[in-house]
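Colleague: Got a predicted model here, sequence first, then my questions.
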Amino acid sequence: MGIRVVVAEDSFLIREGLRLLLETQPDITLAASVGTLPELFAAVAEHGPDVLVTDVRMPPGDRDEGIS
C-alpha cells in the first residue's frame, strides 16, 4: 500500500499536477485530492493519511486554514 497521501490545494492546475506526479511513484498511494477545507477535513477523517500536502490558504476563508 505504501505511504497514504492526501493533497489539499484550491488551484485545480496545481492539485492535478501534484496528483499526476504522485501517481507515478510506486510507494505512494494518493488517498484523496481535494480543493476546500471541509473536503480536507472529510478526507483526513476518512483516509487517515500518513502525509498531508496542503495549501496554506484554503477556501472558504482563504486565510491560514491549511496550517490550522
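Modeller: Thanks, I have the structure now.

Colleague: And the helices in the protein, which stretches?
Modeller: Ranges of helices within the chain are 12-23, 37-47, based on DSSP state H.

Colleague: Who does the closest residue to Ala42 other than its chain neighbours form a beta bridge with?
Modeller: Residue nearest to Ala42 in three dimensions, not counting chain neighbours: Val34, with 7.8 Å by Cβ to Cβ, 6 or more residues apart in numbering. For glycine as for every other residue, the C-beta is placed from the backbone atoms N, C-alpha and C. According to DSSP bridges, the residues that bridge with Val34 are Ala8.

Colleague: what pLDDT does Leu52 get?
Modeller: pLDDT recorded at Leu52 is 93.

Colleague: What ranges in the chain fall below the confidence cut-off?
Modeller: For the chain, the stretches with pLDDT under 70 are 1, 59, 61-62, 65-68.

Colleague: Now do the same contact list for the residue nearest to Ala42.
Modeller: Counting by Cβ atoms under 8 Å, 6 or more residues apart in numbering, Val34 touches 6-8, 15, 40, 42-43.
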